[in-house]
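Q: This is a predicted model, with the sequence first.
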Amino acid sequence: MIPRMVDRRIPAHPFFMPVTRTALPTSWYLVLGLATLACPSCGVPGTTPRGFDSRQVLAVRDPQLYFGGFNGDESRLYLNRYVQPRPTFGVLPPHDLSTLDLTTSQVEQIAPAVFETTNLAGASGGGRGRAFLHYPSDGDVPADFPSLRRPYPGHLQLSLWDEATGQHVDVSDVADGNPVVFGPSVFDPIAVDRFDTDDNVLPWFGPPDALQPAPSLFARIVGFDATGAFGVAAAAASDAIWSDIQHLPFAGGDRSVVVPPGVGDHVLIADESGMGLEPESQSTGPRDVRYFCVPTTGADDHSRCFFVYSRTGLNGGQERLFARAIGDPRELVLPGALGGMDAVQSATALLWTAAGPTGNHLYSWRFDADRAAGCDVPDGLIRYVTWTTAEDQFALEIAATDTRGYPLPGILVLGAPGGGCRVITPEAMYYHPWTFSPDETVLNWQEYPASGGTTIHLTAVDGSGERRIEMPGSIFFTIFQGDHRLLLQSDSGDGSRLSFIDLTEDPIRDHPVADRTASWVWVGEHWLLLGDAYSKQDDTFTLRAVNIETGASRLLSPSVAVFSPSWTTRPAEATELSVAYLVRGRTPSAQDGIWLAHLPLNDFPP
């Protein structure tokens, strides 16, 4: 079946219920199955005042209802209603996705049983688009979904939706195989695995409303240019080794080989010694193929696109890493002997681990450079890479895994793309993902010693000038607020605890903010909109604005189950913060439901 472009205002499937064009009554059911509050069992309406001119948008009480954020113009709120009980930890079950019009209180379902969302640019180049991978209906979701591992079973559906126009494309019979390949905007060409009539899985590609199957023997599509797709083809149906990379025109016609089966004309990329290492002349075709584009520098503002892949020698069995730029007939042979594909890329460089002259080596290579550089590291794979904004500095972890695939204690490495790097931790240990400060002068990471507690480390971006502070409990989240304040969230034994470190102090110390906290958003240099005083019995918290320096507080609402701000990083032109929150009192009442408030930013001076 070829999917077609339709207008979201016209339901394309039975589960897309028509949107009521009049205001919803107090009692309502709709397709979401949300519980009505107009019932004899409901309690006396609450009278608790709610701050910042809060108004109730929708009366509802449903423990499975959560928020998915505002749309682009803040006129609607995404609602996620989980189709199975939502666990405290682990894999979330699929959710029915709808939007709530914040003016009319009308609810419109977008897709049922969604388990993966990809954010894209809108169809016109502005606004936002979204792609949802989901089951066709709630009844198709496996009962044991939270315990499953991908690929998920069944015939799935991919829905691409443009926020501004409401247009969408639905692709049926999708298989959860290779990851879906998207273009920059929502209706650009895609590649997706689909079932045929015999339940065989084949890669399909092209515009979402005019997909076509790839020819026989193509294992997957890895990317696109303006005229067609790049696919990886096997030499024969019985051959597990991918033989070449070909270009498939959207309009049909002859295919062309981009990367041949064997090693052809090539250039050696040298390591720190200035020497390159020749590959075996008899090698397999390209395997573990990745395709990506990077911005160019200089007058040409077009992107440059690369393939990165490995080949294995048929004589010595050595696996090597290759790169090839679109438009360049030469293969680039990168240094080191792989022990399996372990490579990550940024907009400026490629990082990988391989056997070097003196052991396991972390290499980094700036695109188009004639040599790579790096440092010796313990055996293991790359995990948790963090880059500076300019991508001229990186921090990453090298860690091995146990027989079950779980990470073992690792080490941290700091380096510059295409330049040197060094291990900055003295021994293998469990570390938390690390962050650079906004002005990129400070690196922060957490260490979890076997004796318990957490050690906060702060250094310059070159690893020098280390300061540390020992903290009780396990710190599971850190984020910089401005250039000199580090916010910490830790397990206090009774929910989570929020505190901060002022980097201008010497010695650094911990400043408590609140206990039993939920999430937060900054509304001023010293002000947080914060959920705290969490009640495990009610599964709710108090939502208030807090000055973390003085302790001053302004109440927004008690008995809040979830809240969603219109932004998490304050835009320069912002004058207010819109906040949607869900009230769920211990006793049901007409106060339960979705509320909307607007916080004037002038109320929160520095």
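A: Great, that's in hand.

Q: what bridges to the nearest residue to Ser519 once chain neighbours are set aside?
A: Nearest in space to Ser519, with sequence neighbours left out and distances taken as C-beta to C-beta, 6 or more residues apart in numbering, is Gly531 at 6.0 Å. Bear in mind the C-beta positions are built from the backbone N, C-alpha and C, glycine included. Judged by DSSP bridges, the bridge partners of Gly531 are Leu543.

Q: burial measure for Gly531, as a count.
A: Per other C-beta atoms under 10 Å, the neighbour tally for Gly531 reads 26.

Q: That one is in contact with Trp520, isn't it?
A: Yes. Shown here, Gly531 and Trp520 form a contact pair, counting by C-beta atoms under 8 Å, at 6.9 Å.

Q: For those two, list the residues in contact with both.
A: Residues touching both Gly531 and Trp520 (C-beta atoms under 8 Å, 6 or more residues apart in numbering): there are none.

Q: before we move on, the earlier item: what residues does the residue nearest to Ser519 make contact with?
A: When contacts are counted by C-beta under 8 Å, 6+ apart, Gly531 touches 517-520, 541-543, 560, 563.

Q: and with 10 Å instead?
A: Gly531 makes contact with 498, 514, 516-521, 540-544, 556-557, 560-563, 581, according to C-beta atoms under 10 Å, 6 or more residues apart in numbering.

Q: same thing with Gly551?
A: Counted by C-beta under 10 Å, 6+ apart, Gly551 has contacts 512-514.

Q: so which of those comes closest to Ser105?
A: Closest approach between the contacts of Gly551 and Ser105, by C-beta to C-beta: Ala514, at 32.7 Å.

Q: coming back round to it: now the buried members of the contacts of Gly551.
A: Burial by neighbour count, 16 or more other C-beta atoms under 10 Å: within the contacts of Gly551 this picks out 513-514.

Q: The contacts of Gly551 in strands, which ones?
A: For those, the ones inside strands are 512-514, with DSSP state E as the criterion.

Q: can you count the residues close to Met275?
A: Using other C-beta under 10 Å, the number of residues around Met275 comes to 11.

Q: same question, Asp173
A: Other residues near Asp173 come to 19 when the count uses other C-beta under 10 Å.

Q: How is it assigned, secondary-structure-wise?
A: strand (DSSP: H, G, I helix; E, B strand; the rest coil).

Q: Closest one to Pro85 out of the contacts of Gly551, please.
A: Of all these, Ala514 has the smallest distance to Pro85: 28.5 Å, by C-beta to C-beta.

Q: any idea how far that closest one is from Trp567?
A: Taking C-beta to C-beta, to the nearest Å as the criterion, Ala514 is separated from Trp567 by 22 Å.

Q: And the strands in the stretch 1-150 of the chain?
A: 6-7, 55-59, 65-70, 76-82, 95-101, 107-121, 128-134 (DSSP state E, counting those that start in this stretch).

Q: do you know which of those strands lies nearest Pro203?
A: Nearest to Pro203, of the strands of the stretch 1-150 of the chain and by C-beta to C-beta, is strand 128-134 at 15.7 Å.

Q: so where's the stretch 451-600 of the chain shaky on pLDDT?
A: Flagging of the stretch 451-600 of the chain using pLDDT under 70 yields the residue ranges 493-494.

Q: How about the stretch 251-400 of the chain?
A: Flagging of the stretch 251-400 of the chain using pLDDT under 70 yields the residue ranges 297-302.

Q: so which of the strands of the stretch 1-150 of the chain gets nearest Arg150?
A: Nearest to Arg150 among those is strand 107-121 (9.5 Å), distances taken as C-beta to C-beta.

Q: Check which residues of the closest one are buried.
A: Neighbour-count burial for strand 107-121 [16+ other C-beta under 10 Å]: 107-117, 120-121.

Q: Could you do stretch 578-596 as well?
A: 578-585, 588-596.

Q: Stretch 245-262 now?
A: By neighbour count on 16+ other C-beta under 10 Å, the buried set for stretch 245-262 is 245-248, 250, 255, 258-261.

Q: Same list, those residues, but as CSV with secondary structure and distance to Gln345 please.
A: Listed next are these as CSV, based on DSSP: H, G, I helix; E, B strand; the rest coil; distance: C-beta to C-beta, whole Å:
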residue, secondary structure, distance to Gln345
Ile245, strand, 17
Gln246, strand, 22
His247, strand, 21
Leu248, strand, 24
Phe250, coil, 26
Arg255, coil, 27
Val258, strand, 19
Val259, strand, 17
Pro260, coil, 23
Pro261, coil, 24
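
Q: ok, which pair from these is furthest apart?
A: Top of the distance list for these (C-beta to C-beta): Phe250 and Pro261, 24.6 Å.

Q: Nearest to Gly285, out of the contacts of Gly551: which one, please.
A: Of all the contacts of Gly551, Gly285 sits closest to Val513, with 56.8 Å by C-beta to C-beta.

Q: so what's that closest one closest to, chain neighbours aside?
A: Using C-beta to C-beta, 6+ apart, the nearest residue to Val513 is Leu498, at 4.4 Å.

Q: and that neighbour, what does it touch?
A: By C-beta under 10 Å, 6+ apart, the residues touching Leu498 are 477, 487-490, 492, 511-518, 520, 528, 530-532, 546, 548.

Q: Buried ones only from those residues, please, as a ChimeraX command.
A: Burial among the contacts of Leu498 is assessed by 16+ other C-beta under 10 Å; the matching ChimeraX selection reads:
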select :487,488,489,490,492,511,513,514,516,517,518,520,528,530,531,532,546,548
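
Q: Is Leu332 in contact with Gly264, as I believe?
A: No. Between Leu332 and Gly264 there is no contact under C-beta atoms under 10 Å: 12.0 Å.

Q: Show me which positions of stretch 173-184 end up buried.
A: By neighbour count on 16+ other C-beta under 10 Å, the buried set for stretch 173-184 is 173-178, 180-183.

Q: out of those residues, which are inside strands?
A: Counting by DSSP E, the part of those found in strands is 173-174.

Q: hang on, the earlier thing: and which of the ones in strands among the contacts of Gly551 is nearest Arg86?
A: Lowest distance from Arg86 to the ones in strands among the contacts of Gly551 (C-beta to C-beta) belongs to Ala514, with 24.3 Å.

Q: Next SSE downstream of the helix or strand hosting Ile475?
A: Using DSSP states H and E, Ile475 sits within strand 474-481. The helix or strand immediately downstream of strand 474-481 is strand 485-491, counting by DSSP H and E.
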